[in-house]
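Asker: next input, structure requested:
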Amino acid sequence: MLFRSDRLDPELLDRLAAHCERRTFRLGQVVLAEAALPPGVLLVQEGRLRLLAEDPDGEGTITIDRLQSGALAGWSSLVRQRPCEHLRASTPVRALLLPAADFLALLADPSPFSAWFHQHLGAAELHQVLVALVRRDPAAAPLLAQWTSAQLEVTLI
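Answerer: Numbers count the residues shown, from 1 in each chain. Got it, this is the predicted structure:
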């Protein structure tokens, strides 16, 4: 499930801007590494990112999502405190980075904003869940083959 910055309260967005750092990434640059917790949450201002994941057939990586202007990245790894997002710039990218400590402090306060992040799975996390499910039960392979449509339906209760 994709969280878009246009869902943010403008007043909250203004307060967050004071804590953000400007970041730029060149074409092909690794933006978030799958093996490490991100330094914060990225708000893509301009450009596009590819979200990569392990090919379930073990043949390298595949693109499981494309993020563009307005998308937030890195939140799934921070909410779960387990790295799962591997992002690479597919164009030059300009972004704002909200440091992890500031993002996690926002999530500590009960609000519709924090509830959204606790109730949804990010695309990378969902892909990992489906890969694990298929490894346990190969009959679930169609779920993985159609995972992007499944992604739109997943909400944690």
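
Asker: what is the least confident helix or strand in the chain?
Answerer: One helix or strand of the chain scores below all others by mean pLDDT, DSSP states H and E: helix 147-151, with a mean of 54.

Asker: residues in contact with the residue nearest the centre of the chain?
Answerer: In the chain, the C-alpha nearest the mean C-alpha coordinate belongs to Ala73, at 3.9 Å (CA atoms, centre = their mean). Residues in contact with Ala73 (CB atoms under 8 Å, 6 or more residues apart in numbering) are Val31, Leu32, Pro38, Val41, Leu42, Val44, Leu49, Leu51, Leu67, Glu85, Leu87. For every residue, glycine as well, the C-beta is placed using N, CA and C.

Asker: what about it, distance to Gly47?
Answerer: Separation of Ala73 from Gly47 (CB to CB, to the nearest Å): 12 Å.

Asker: and the helix or strand hosting Arg23, what does it pack onto?
Answerer: Under DSSP states H and E, the secondary-structure element containing Arg23 is strand 21-25. If contacts are counted by 3 or more CB pairs under 8 Å, 6 or more residues apart in numbering; DSSP states H and E, strand 21-25 sits against strand 93-99.

Asker: centre of the chain to the strand it packs on, how far?
Answerer: Averaged C-alpha coordinates place strand 93-99 at 13 Å from its chain's average position (CA atoms, centre = their mean, to the nearest Å).

Asker: that strand pairs with which strands?
Answerer: Pairing partners of strand 93-99, with direction, according to DSSP bridges: strand 21-25 (antiparallel), strand 40-46 (antiparallel).

Asker: how about that strand: buried residues?
Answerer: Applying a neighbour-count criterion of 16 or more other CB atoms under 10 Å, one finds Val93, Ala95, Leu96, Leu97, Leu98 buried in strand 93-99.

Asker: what's the answer for stretch 75-86, then?
Answerer: Within stretch 75-86, the residues scored as buried using 16+ other CB under 10 Å are Trp75, Ser76, Ser77, Leu78, Val79, Pro83, Cys84, Glu85, His86.

Asker: can you list the low-confidence ranges for this protein?
Answerer: Under the criterion of pLDDT under 70, the regions of the chain flagged as low confidence span 1-10, 12-14, 146-157.
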